[in-house]
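Chemist: coords please:
(one chain, ligands or ions: 1)
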Amino acid sequence: MEKHYCVVIIGAGIAGLSCAKYLIENDIHDFIIIEANNQIGGRCETIPLMEHQIELGTEILQGDQSNNPLYQLADEHHLIDYSNNEFDRDDCFHDEDGESIDEDIINEIRTIYDEILEKKVPTYPYENYPDSSLGEFISTELDQYIQSKKVSLEKNEIDQIEKVIDWLSKQHSYLNTIGCEKLTDVSVQGWNSFEHISKPDQSNGIIKYIQGGFSNFLHIVFGNKIPNDNIELNSMVKRICMYEDDQYVSIEIIGKNKEMKTYQAEHVICTQSVGCLKKTMHEMFVPPLPYSKQLCIEKLGFGTINKIYLIFSHPFWDVDFNTFNFLWNTTTEWKLTCLENTPYDSQWCKSITGFYVHHRLPNMLVTQIGGEAATYIETIPDEILTNCFQELFDRFYPDNQIPKPKKLIRSQWFNKTSTHGSHTFIKTGSNTHDIKRLAMPWPNQPAKPLILFAGEGTHERFYGTAHGAFMTGIREAKRIVELYKKDLINQ
Ligand SMILES: Cc1cc2nc3c(=O)[nH]c(=O)nc-3n(C[C@H](O)[C@H](O)[C@H](O)COP(=O)(O)OP(=O)(O)OC[C@H]3O[C@@H](n4cnc5c(N)ncnc54)[C@H](O)[C@@H]3O)c2cc1C
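Modeler: Residues are numbered from 1 along each chain as shown. Next comes the predicted model:
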């Protein structure tokens, strides 16, 4: 006899957990969460390191109580960590010849760059040019600046400006948030629709971390409220069959002992990432998803951002040091000698824009890498990658006597079959309507939605964020709660 539930939730990331918590708070206990991994959290993954923790996924609480409900929850549980927010520490900018770049040039170009993003991009008439990319728009604006400088500056000075522009466009916070490689992949509309609530200047320069890490937060706020019997870990949903005439859904699962089982449900809430939907939608849904929904999934971007932590025996930088930045020559070929005689090439290196000192662990440097380079380095073994980073430091910072890192820890979000990447973004050719369409229940009848969609990729303003995921979980749980409330009233 197949087990029957009112609700089956696929995924125990923030969206799945917030959905479950809301159902419980509204007296719906007849649900099960099916989670592919051996732990809850999804793209929140904290790992312990000595007496501290490091985050492979979500790390920062964006915004404040006025715009981020996770902030409120963390605050209620006294979990916000305001310490270690020193902003006036030293940053170093070197190019690949080991030459230092003047910080005044960086600041001048950063100001122009930010002005384009904050003042010019929002006024862009993207309705008339729906496929325009942010990258093209910015480079047209910056070209005018470079041309004006060419009149008065030497070639080497122009080269420096170009290096800074390249560095800024790679390390731009939006790219670091969404994991795409080039701003030419991001639609202007995407940039304008994303709600950037975490700008340091809007939150008094304070970055909000979570005490004990994000996984700790999830356990305290959600995990502890959901009975163990309502979560099945190590279980992968393979197929979702909708029986519209009979008004139920059947879910085929490979359980933790590799056994096949089938559950039935009144409703299924899918919270898998857009990356997973891209990979599996054709086999997963029977009948196939409506064509319009398939198209949205195909069109939306799903990028990869990976974090890399280098642990040293002791810091080779000063106490008040903050970042080592790498400014690449935009035209030259680059090869790492340590990769000679290996099957790996060196092109990914140019996506590394620098390392910063970890806010808690003083002997650790961190970098983030996005896009194709991020997926490529997932294939390089730790030992070889460690040598690559040591060589990079030697070339950019030859005076620093860089020791070999003791250990490397990193995320590999692209090759994780339960995520297939890290963040949804609005790719050129897609727009926020694709997110809205993806978020619609199927069939889209208020009387009884059978398959519902939550997860960060279904929030039209906060896609790619933890709070976006949270809000979508509540949104879909509410839809079900409202439905049963109506039923009670009608009885
Ligand atoms: C490197 C990185 C840094 C980030 N930093 C921040 C940050 O600082 N601030 C911020 O706000 N956000 C950040 N984010 C984004 C944030 O982590 C995500 O938006 C959020 O965690 C997504 O939650 P979700 O529930 O939508 O999806 P997920 O966390 O992906 O949850 C989906 C769950 O579904 C499970 N699943 C998938 N397929 C199946 C299946 N077939 N059967 C069963 N289970 C399945 C998965 O295992 C997963 O647990 C970051 C993300 C990454 C990767």
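Chemist: what pLDDT does the residue nearest to residue 98 when sequence neighbours are not counted get?
Modeler: The shortest distance from residue 98 to any non-neighbouring residue, by C-beta to C-beta, 6 or more residues apart in numbering, is to residue 398 (4.4 Å). From N, CA and C alone the C-beta is placed, and that goes for glycine too. In this prediction, residue 398 carries a pLDDT score of 91.
Chemist: With residue 176 instead?
Modeler: 59.
Chemist: Same check on residue 158?
Modeler: 85.
Chemist: OK, contacts around it?
Modeler: Contacts for residue 158 (C-beta atoms under 8 Å, 6 or more residues apart in numbering) come out as 146, 149, 150.
Chemist: Turn the residues you listed into a markdown table, including secondary structure.
Modeler: Formatted as a markdown table, these follow (DSSP: H, G, I helix; E, B strand; the rest coil):
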| residue | secondary structure |
| --- | --- |
| 146 | helix |
| 149 | helix |
| 150 | helix |
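Chemist: could I get those residues as a markdown table with neighbour count and pLDDT?
Modeler: Below are the contacts of residue 158 laid out as a markdown table (neighbours: other C-beta atoms under 10 Å; pLDDT from 0 to 100):
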| residue | neighbour count | pLDDT |
| --- | --- | --- |
| 146 | 15 | 82 |
| 149 | 12 | 79 |
| 150 | 13 | 76 |
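Chemist: out of the residues you listed, who's nearest the ligand?
Modeler: Among the contacts of residue 158, residue 146 lies closest to the ligand (C-beta to the nearest ligand atom), at 33.0 Å.
Chemist: The closest one - nearest residue in space that isn't next to it in sequence?
Modeler: Distances taken as C-beta to C-beta, 6+ apart place residue 161 nearest to residue 146, at 6.4 Å, with adjacent residues excluded.
Chemist: Run a quick neighbour tally on the one you found.
Modeler: Residue 161 is flanked by 19 other residues according to other C-beta atoms under 10 Å.
Chemist: residues touching the residue lying closest to residue 222 once chain neighbours are set aside, list them.
Modeler: With sequence-adjacent residues excluded and distances taken as C-beta to C-beta, 6+ apart, residue 222 is closest to residue 17, at 3.8 Å. Contacts for residue 17 (C-beta under 8 Å, 6+ apart) come out as 33, 40, 218, 222, 223, 226, 473.
Chemist: near the ligand, from those residues?
Modeler: Applying C-beta under 6 Å from any ligand atom, the subset of the contacts of residue 17 adjacent to the ligand is empty.
Chemist: For those residues, which single residue is the most surrounded?
Modeler: residue 473 (29 neighbours).
Chemist: For my notes, confirm that residue occurs in a helix.
Modeler: Yes: judged by three-state DSSP, residue 473 forms part of a helix.
Chemist: Now do the contacts for it.
Modeler: Residues counted as contacts of residue 473 (C-beta under 8 Å, 6+ apart) are 14, 15, 16, 17, 18, 19, 20, 22, 271, 454.
Chemist: pLDDT score for it?
Modeler: Residue 473 is assigned 98 on the pLDDT scale.
Chemist: got the contacts of residue 158 as TSV, with distance to residue 409 columns?
Modeler: Shown next, in TSV, are these (distance: C-beta to C-beta, whole Å):
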residue	distance to residue 409
146	40
149	42
150	45
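Chemist: In terms of distance to residue 339, which of those ranks first?
Modeler: residue 146 (32.8 Å; C-beta to C-beta).
Chemist: wait, what's in contact with that closest one?
Modeler: By C-beta under 8 Å, 6+ apart, residue 146 lies in contact with 158, 161, 162, 165.
Chemist: What residues of the helix or strand the first one falls within count as buried?
Modeler: Taking DSSP states H and E as the criterion, the element that holds residue 158 is helix 155-171. By neighbour count on 16 or more other C-beta atoms under 10 Å, the buried set for helix 155-171 is 160, 161, 162, 163, 164, 165, 166, 167, 168, 169, 170, 171.
Chemist: Check those residues one by one and keep those near the ligand.
Modeler: Among the buried residues of helix 155-171, proximity to the ligand is found for none (C-beta under 6 Å from any ligand atom).
Chemist: Distance to residue 382 for those - can I get that in CSV?
Modeler: Listed next are those as CSV, based on distance: C-beta to C-beta, whole Å:
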residue, distance to residue 382
160, 35
161, 37
162, 34
163, 30
164, 32
165, 33
166, 28
167, 26
168, 30
169, 29
170, 24
171, 24
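Chemist: Look up phi and psi at the residue nearest to residue 98.
Modeler: Here is the backbone geometry of residue 398 (degrees, to the nearest 10): phi -60, psi -20.
Chemist: again, but for residue 152
Modeler: The phi/psi pair for residue 152 (degrees, to the nearest 10) reads phi -110, psi -10.
Chemist: so what's residue 390 up against?
Modeler: By C-beta under 8 Å, 6+ apart, the residues touching residue 390 are 338, 402, 404, 405.
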